[in-house]
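S.K.: after the sequence you'll find the predicted model.
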Amino acid sequence: MNRSVAVALLIACLGAAAPGSAAQSCKALGKFSLPGHRLVIRQAQEVAASAPGVSPAMPAHCRVDGVIDERTGRDGKHYGIGFAVALPAQWNGRFLFQGGGGLNGSVQPPLGGQYAGDQSALARGFAVASTDSGHQGAAFDGSFFRDQQAALDFLYQAVAEVTVVAKAIVARHYGKPQQHAYFVGCSTGGREAMMMSQRFPDYYDGIVAAAPAARTSFSNLGLRYATAALNAAPLGEADRKLLIDKVLEACDGLDGNEDGLIFAPQECRFDPGTLPLAPATINAIRAVMQGPRTSAGRQVYPGYYYDTGIANTQGLPGILAGPVIPEGKPVGSSFDVDAAAAEAMDARAMVGDSTSWTNLSTFRGHGGKLLFLHGVSDPWFSAQETVRYYELLGHDNDEAPLRDWSRLFLVPGMGHCAGGARTLDQVDLLSALVDWVEAGRAPDRVIATGKSMPGESRPLCPFPQHAQYNGSGDARQASSYRCTP
């Protein structure tokens, strides 16, 4: 029997057996068990709605915390897949999995707030789940990789396990299974989202994969390569300002409005050789923006688009501002790309890679919808890497137009997942995804706003389209723009 069919039948049976009121049901979930799973529920308790004005707003809900496959692993360390499920009193029939971040290591509150606009998924009535992906530790503590099962759990198995368990808990609590299932994540959560579409194609109806942490061994290689180039020829504050001023002069007007946002980065043909800087500095800029290549000329990791945040020093520094390297060895002023590329192709890269598998025929075949989002100024994971994968999806799934089931949105000025000195990084992709899955309304544009640009809005257009100013109307408002090739 197909695995997904078996899971669905099990969940349906669990739902049919659910008696009692919501309050009784929440308390009863403390004894919940699921055949075939070593599952312990730590607590199941009612949570009152948050007071008016408290952020984030939370409705009354049942919070279930538990652990799957608790064990003692390598070096005597304790492992288990921790998870939490929030079950709102006013359920809308939907389930959402909240993706993780970094190397996970803790169970984050299951709210579903990413890319949900002003109202989280939980506040809207979604049942929401989250997980630590099988280990406890700091955001970038990779010591768990010494344990085989913990490594596999982080790379892809934990999210699948929690999905099955959480859906069963939802069915038991409400007396019926969810009508639709969604996954939303950024960074590691974006990689997890891609894994769900690739390895568990029947688990979710709609997926948002934002700034996916794809090929992390190679993205970290790219960061070390950029750091070495900048160590050899550092950019001063005046150099960075001159660079961004000249990039804007060359490319800001491509979308019809010089507003400090580059909505057509793929059309920007800026040449750093035009800058009045030392040759070594120009070569460093060019090297970083083109990305690392082997001695034979093979592109190891993509370069970066010229955008306003590439030299940003606020928050997470831009790729030309001394990028933070989340994992890896210290870097000097030279870098052997050939040796680093050979080292990067390790077991973790093989098992956890989310950019090689493009056959999504099963996911697409059951009506699945996949949205990508990426900040153009993201220093940790190049937007060009997501563009590359997106274009491969279209090439390798040619039975139906890619736009019929997947779309990519690029956000100018935005760094990793959010943030930027001038950007519109607030967007409600969750509503767009629900409308596409449940009503068949494809997102021809989504409206973006941002705290750094109060009172302004712009449309984000499906790649390769971009927002183009109409030439009239309020240039600060999305209504004055159209999506154009």
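M.R.: Now that the structure is in, tell me what you want to look at.

S.K.: which SSE is residue 69 in?
M.R.: strand 61-72 (DSSP states H and E).

S.K.: averaged pLDDT, that strand. What do you get?
M.R.: The average pLDDT within strand 61-72 is 98.

S.K.: that strand pairs with which strands, and in what direction?
M.R.: Here strand 61-72 is paired, per DSSP bridges, with strand 39-47 (antiparallel), strand 78-88 (antiparallel).

S.K.: name the surrounding residues that touch it.
M.R.: 22, 25-26, 29, 32, 37-47, 78-89, 107, 110, 122, 149, 161-162, 165, 169, 173 (Cβ atoms under 8 Å, 6 or more residues apart in numbering). No exception for glycine: its C-beta is placed from N, CA and C like everyone else's.

S.K.: swap in stretch 222-242?
M.R.: Residues beyond stretch 222-242 that count as contacts (Cβ under 8 Å, 6+ apart) turn out to be 243, 275-278, 280-281, 283-285, 287-288, 291-292, 300-302, 311, 313, 319-325, 328-329, 331-335, 337, 340, 379-380, 382.

S.K.: those residues in helices, which ones?
M.R.: Under the assignment DSSP state H, those contribute 243, 280, 281, 283, 284, 285, 287, 288, 337, 340 to helices.

S.K.: apart from its chain neighbours, what residue comes closest to the second one?
M.R.: Think residue 280. residue 233 (4.2 Å; Cβ to Cβ, 6 or more residues apart in numbering).

S.K.: how about the ones in helices among the contacts of stretch 222-242 in JSON lines, adding distance to residue 432, pLDDT and neighbour count?
M.R.: Output for the ones in helices among the contacts of stretch 222-242, formatted as JSON lines (distance: Cβ to Cβ, whole Å; pLDDT from 0 to 100; neighbours: other Cβ atoms under 10 Å):
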{"residue": "243", "distance to residue 432": "34", "pLDDT": "98", "neighbour count": "22"}
{"residue": "280", "distance to residue 432": "46", "pLDDT": "98", "neighbour count": "11"}
{"residue": "281", "distance to residue 432": "42", "pLDDT": "98", "neighbour count": "19"}
{"residue": "283", "distance to residue 432": "42", "pLDDT": "98", "neighbour count": "16"}
{"residue": "284", "distance to residue 432": "39", "pLDDT": "98", "neighbour count": "24"}
{"residue": "285", "distance to residue 432": "36", "pLDDT": "98", "neighbour count": "25"}
{"residue": "287", "distance to residue 432": "38", "pLDDT": "98", "neighbour count": "21"}
{"residue": "288", "distance to residue 432": "33", "pLDDT": "98", "neighbour count": "25"}
{"residue": "337", "distance to residue 432": "39", "pLDDT": "98", "neighbour count": "20"}
{"residue": "340", "distance to residue 432": "39", "pLDDT": "95", "neighbour count": "23"}
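
S.K.: who touches stretch 427-446?
M.R.: Stretch 427-446 has contacts (Cβ under 8 Å, 6+ apart) with 94, 96, 112, 115-118, 121, 124, 180, 182, 184, 205-208, 210, 367, 369, 371, 373, 403-404, 407, 409, 411, 447-449, 459-462, 467, 478, 483.

S.K.: what about it, distance to the chain center?
M.R.: Stretch 427-446 sits 17 Å away from the centroid of its parent chain (Cα atoms, centre = their mean, to the nearest Å).

S.K.: ok, stretch 282-295 next?
M.R.: 26 Å.

S.K.: let me see the residues that make contact with that stretch.
M.R.: With Cβ under 8 Å, 6+ apart, stretch 282-295 has contacts from 221-222, 225-226, 229-230, 232-233, 235, 243, 272-273, 275, 277, 299-304, 306, 310, 319-320, 335, 337-338, 340-341, 382, 384.
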